[in-house]
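Engineer: heads up, no residue letters with this:
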């Protein structure tokens, strides 16, 4: 035959405080079962430790659970059909405490320390990367600003170039309007070959040379007649001084005429050179037309 007696147990939960006073009571309920065959004791224990801000304290303060059942009483009543008497028995509960070993605490602290160092290294890496990104962003911002200024300058240069191109286009239109009538006049004019033009120039030069030569001959003849007349007059009256002066003047005129004759010869040579040049151009023109 089994009897169940509900019991209430209050215990302190294990707390870890990093320099901060924290205390949370924990209340648990348990049901103790008794039987005539076995007695099952209920024991609980709690362990608390603290890490100070100035350093790590390995002090362990074991606390005995309030789960020690002080007055757990079992009442077992056996009823006898003949005697009508009751028998009551009382069984005390046992309590034990469990302590945390220093080795487990040291391993936990070392594990936390390694994790903290890993997190610190990761934070430093990320901070360094963020700083590099920030410097890159600043440099790119400066480049973008310089590019924006360069684009503005290029826009102004493009506008000036457009204005100059418009001005050149207007001038070209005016020149086209002036050239078109000339082109029409050239197309409508009769064709004049270079050979015909050279022949005309050469003929004109020949006529000019003949006229100059005829004038020189007439002047030379006139001068000879004047000289002969003066000589005859001079022979008749030698003592006449004015006539002598006139003879000197005539001599000077003769010298001048000689100079004119020399220049005429030079002009004749130049005319011949011009004629040869015209012939050469005519040959070149013929070669060009044959091509």
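Structural biologist: All right, it came through fine. Just so you know, these numbers come straight off a predicted model, no measurement behind them. Numbers count the residues shown, from 1 in each chain.

Engineer: in the chain, what spans have low per-residue confidence?
Structural biologist: 1-100, 189-197, 233-241, 243-244, 288, 291 (pLDDT under 70).

Engineer: need the longest helix for it.
Structural biologist: If you go by DSSP state H, the chain has its longest helix at helix 102-188.

Engineer: same for that one, what does it pack against?
Structural biologist: Judged by 3 or more Cβ pairs under 8 Å, 6 or more residues apart in numbering; DSSP states H and E, helix 102-188 has no packing partners among the helices and strands. Placement of C-beta: from N, CA and C, glycine included.

Engineer: now the element after it, going C-ward?
Structural biologist: The C-terminal neighbour of helix 102-188 among helices and strands, as given by DSSP states H and E, is helix 194-236.

Engineer: just want the angle from whichever helix or strand comes after that next one to helix 194-236.
Structural biologist: Where DSSP H and E defines the elements, the next helix or strand beyond helix 194-236 is helix 241-290. With axes from the mean of the first three to the mean of the last three Cα atoms, to 10 degrees defining the directions, helix 241-290 sits at 170 degrees from helix 194-236.

Engineer: what helices or strands is helix 241-290 leaning on?
Structural biologist: Helix 241-290 is packed against helix 194-236, with contacts defined by 3+ Cβ pairs under 8 Å, 6+ apart.

Engineer: which neighbouring elements make contact with the helix it packs on?
Structural biologist: Partner elements for helix 194-236 (3+ Cβ pairs under 8 Å, 6+ apart): helix 241-290.

Engineer: now for residue 231, how many residues are close by?
Structural biologist: When neighbours are defined as other Cβ atoms under 10 Å, residue 231 has 12 of them.

Engineer: start the count at 695 instead of 1 going forward.
Structural biologist: Let's use 695 as the start, then, which means that last one is residue 925.

Engineer: distance of it relative to residue 952?
Structural biologist: Distance, residue 925 to residue 952, using Cβ to Cβ, to the nearest Å: 18 Å.

Engineer: cool, residue 805 as well?
Structural biologist: Distance, residue 805 to residue 952, using Cβ to Cβ: 135 Å.

Engineer: what does residue 863 give?
Structural biologist: Per Cβ to Cβ, residue 863 is found 65 Å from residue 952.

Engineer: count of neighbours near residue 923?
Structural biologist: Applying other Cβ under 10 Å, we find 11 residues neighbouring residue 923.

Engineer: likewise residue 895?
Structural biologist: Residue 895, neighbours per other Cβ under 10 Å, totals 13.

Engineer: got a list of what it touches?
Structural biologist: Residue 895 makes contact with residue 972, according to Cβ atoms under 8 Å, 6 or more residues apart in numbering.

Engineer: swap in 10 Å and give it another go.
Structural biologist: Neighbour list for residue 895: 968, 969, 972 [criterion: Cβ atoms under 10 Å, 6 or more residues apart in numbering].

Engineer: cool, residue 830 as well?
Structural biologist: Counting by Cβ under 10 Å, 6+ apart, residue 830 has no contacts.

Engineer: how much space between it and residue 822?
Structural biologist: Distance of residue 830 to residue 822, given as Cβ to Cβ: 13 Å.

Engineer: same question, residue 956
Structural biologist: Going from residue 956 to residue 822 by Cβ to Cβ gives 104 Å.

Engineer: next, count neighbours for residue 958.
Structural biologist: Residues lying near residue 958 (other Cβ under 10 Å) number 15.

Engineer: repeat for residue 914
Structural biologist: 15.

Engineer: from residue 810, how far out is it?
Structural biologist: 133 Å.

Engineer: identify the residues contacting residue 804.
Structural biologist: Going by Cβ under 10 Å, 6+ apart, residue 804 touches no other residue.
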